[in-house]
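>>> Quick one: sequence plus predicted model below, questions after.
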Amino acid sequence: GDVIQFAGCPGPNERQNMRSTFQYWGCRNGNVGGLEFVTLMPIPKNTQLLHWYGSGWWGERGIKRQDVGTTRYPAPLRDRK
């Protein structure tokens, strides 16, 4: 299945727990293709899967970036400074 389609972008108080390895398969715009992602830490059951969409993704769409974690489905938080 395609797990990445359900992964969110971390909000301002959250951090990603997965990232792309930039390892691609298939042909661009072909029938089949893929991009490898790896987790950055152990991910407990019911935890949000988060990867960084890029710095311009939200602004280009006129959307304010917000935290995505909930009580039932938490997201990893950024380290406090």
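Now that the structure is in, tell me what you want to look at.

>>> tell me the SS of the residue lying closest to Q48 once chain neighbours are set aside?
Nearest residue to Q48 in three dimensions, chain neighbours excluded: A75, at 4.2 Å (CB to CB, 6 or more residues apart in numbering). C-beta here means a position set from N, CA and C on the backbone, and glycine is covered the same way. Here A75 is recorded as coil under DSSP: H, G, I helix; E, B strand; the rest coil.

>>> May I see the buried residues of stretch 33-43?
Neighbour-count burial for stretch 33-43, counted by 16 or more other CB atoms under 10 Å, picks out F37.

>>> So which bits of the strand or helix carrying Q23 are buried?
Element membership for Q23, per DSSP states H and E: strand 18-26. For strand 18-26, burial by neighbour count (16+ other CB under 10 Å) applies to M18.

>>> excluding its backbone neighbours, what's nearest E36?
Nearest non-adjacent residue to E36, counting by CB to CB, 6+ apart: Q23, 4.1 Å away.
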